[in-house]
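> need coordinates for the below:
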Amino acid sequence: MIQKIMAYTTARQRRPTPAEINRPVQRQYKIRKGAKQDSWAFVWVLIGAAVLFIFITPLYLLKMGLKANRERLRGRHEVTKDDETKYHVVFSTDCSDYHNWQSYVLFYHAEKIQQPGTITRIASGCSAKQALTMRDFHYHHVEPMSPRFKTHFTPSYAEIDGDMFPYYNKPFGLRHWMEHVLGFPHADDDGAIIILIDPDMLLLRPITRYFDNSTDRWRSEGLTEVTHGHPVAQQYILAPMWLNWNLTSLLGANTPAVKLTKDDALESFQLGPPYIATARDMWRLAKRWTELCVEVKRLHPNMLAEMYAFILAAADLNIRHTVSHSLMWSDPKVQYTEPWDWVEGMKVEDLCGPIPVKHANVLHYCQPFQFKDWSLFKNDLRGKMHKCSFPLLAEPPKDLVVGYDLTTVHPAIADRRPAKQQEWAERINKREAFMMCQVIEKLNEAMEHHRTHVCKTKGGNTDKTFRAHNDYFKLEM
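Residues are numbered from 1 along each chain as shown. Predicted coordinates:
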């Protein structure tokens, strides 16, 4: 018992080791160190939150501002989902500034007249830099006009046969878009309406699948609705020379095209854009079109080869078109394939005024136009129109034609027989004045929108002072 007490007493009296002495101190140090680390972590969290706030908030506000700007520009022009799925308006371009401003003009007027459906620019052969710039421009300046406006990029097809022929991009670009966007040949909706136009077409009234024979003109019997097997296209003066080609060698031994007469060709296959067809028909046409393009260009090596290839594709597939005489105004020199009598019936003081009540669907400004000492050709604007510093076009006075002797022979018909010159003088003068005034006014309207919306920070030039001074018809002669 005494030994246990002595041992206990000895243990109580033993001195603690240094480690034992320092253990509480270390514990307190760790606690203080941990608290200090927690304090710094909290500080870093605050700094991180501040940095995120500083950098993210402007981006968020910018996004909201762009969204608000889109809504403001869109305004009453929202369209229904049905419009988007029912119609697809497409046009083919390259990636040049020349086609950039034409595309902007087309988009602007499509929104102005409320063309239903999506409107897609098919841009072929863009470099990576061009595509990036175009996407950025589309997002900031085209899409705000309408969310229905799209851009689709494809490879370049301009040199598929070894020669530079940019017109290949139209058929091959259309096929690429139908495969990659609509999902052909396995598309879910082959009843959608495809409307293929050119970038130099100004829309004046909506193009749909429906037609009214009180306002629409036809080569022969018209129709009221585009359905499967019943497409529509504008008539062009394209000689049916293809009837004399070796069609069995070109199209195959069993092609129905060999049975077509000249009257058949003129009735259903003398055509060009706008083309309007169901997606099912347009896919069949696009596929055959691309298969024939190269060989047709070899037989007919000029810029119209792709149009003849489309005609041959339609003939080979026996897809007969109803041919329109009122889809466009384009060439003042043609006799009956465009609705020029609507212009000829106008008073001279109205030719440079508002569009008449009855009017074509598009103004196609592929031609040079000239009246008195005024002239316009789209090539005069190459490398200029897209620049914010470049002025808008000088506009002819509204009374340009008033007091003018309309029996004066226009240079566009100077090569015709004297009797024909006199017969056509008044017609041509009215048509040329009308087209020049209307195209200038509508280009200016769209590009003034460009100058005020795209060129905000650069101070876009809205002075209407640029005027071409070329005598196109003398140059041609």
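
> how about the strands in the chain?
87-93, 118-124, 149-154, 193-197, 201-203, 232-235, 271-278, 322-324, 328-329, 362-364, 369-371, 374-376, 392-393, 464-466 (DSSP state E).

> hey, which of those is tucked in deepest?
strand 328-329 (a mean of 28; mean count of other CB atoms under 10 Å). Using the backbone N, CA and C atoms, a C-beta is placed for each residue, glycine as well.

> possible to save the strands of the chain as CSV with distance to T290 and mean pLDDT?
Converted to CSV, the strands of the chain look like this (distance: least, CB to CB, whole Å; pLDDT from 0 to 100):
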stretch, distance to T290, mean pLDDT
strand 87-93, 13, 97
strand 118-124, 13, 97
strand 149-154, 12, 98
strand 193-197, 14, 98
strand 201-203, 22, 97
strand 232-235, 18, 96
strand 271-278, 15, 97
strand 322-324, 23, 96
strand 328-329, 25, 97
strand 362-364, 24, 97
strand 369-371, 33, 94
strand 374-376, 34, 93
strand 392-393, 37, 94
strand 464-466, 39, 93
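
> of those strands, which is nearest L251?
Set against L251 and scored by CB to CB, the strands of the chain come closest in strand 271-278, at 17.7 Å.

> so how far is F107 from the residue minimising distance to the centre of the chain?
In the chain, the residue lying closest to the centroid (CA atoms, centre = their mean) is R121, at 3.4 Å. In this view, R121 and F107 are 8 Å apart by CB to CB, to the nearest Å.

> V348 too?
From V348 to F107 the distance is 33 Å (CB to CB).

> and these two? Which one has more around it.
Neighbours per residue (other CB atoms under 10 Å) separate V348 from F107, with F107 holding more: 25 against 17.

> so the more buried one sits right up against V142, yeah?
Yes: the pair F107 / V142 is scored as a contact, 5.6 Å apart, by CB atoms under 8 Å.

> where do the contact lists of those two overlap?
Common neighbours of F107 and V142 (criterion: CB atoms under 8 Å, 6 or more residues apart in numbering): F149.

> let me see the confidence value for D82.
For D82, the model assigns a pLDDT of 40.

> with A468 instead?
Value for A468, per-residue pLDDT: 80.

> now do N302
pLDDT, N302: 92.

> now do W283
W283 is assigned 98 on the pLDDT scale.

> looking at the strands of the chain, which is closest to S214?
strand 322-324 (14.3 Å).

> residues in contact with that closest one?
Outside strand 322-324, the residues touching it (CB under 8 Å, 6+ apart) are 216-223, 230-235, 267-268, 270-271.

> same thing but at 7 Å, please
The contact list for strand 322-324, computed with CB atoms under 7 Å, 6 or more residues apart in numbering, reads 216-219, 222-223, 230, 232-235, 268, 270-271.

> so what's the gap between that strand and the chain middle?
In this view, strand 322-324 has its centroid 24 Å away from the chain centroid, taken as CA atoms, centre = their mean, to the nearest Å.

> stretch 446-461 now?
With CA atoms, centre = their mean, you get 19 Å for stretch 446-461.

> same question for it, mean pLDDT?
88.

> over to stretch 50-62?
Rounded mean pLDDT across stretch 50-62 is 58.

> list the residues that contact the residue nearest to the centre of the chain.
Applying CB under 7 Å, 6+ apart to R121 gives the contacts F91, T93, S103, T151.

> about what we covered before: and L292, which of the strands of the chain is closest to it?
strand 271-278 (15.4 Å).

> can you list the strands that that closest one pairs with?
Its sheet considered, strand 271-278 pairs with strand 193-197 (antiparallel), strand 232-235 (antiparallel) by DSSP bridges.
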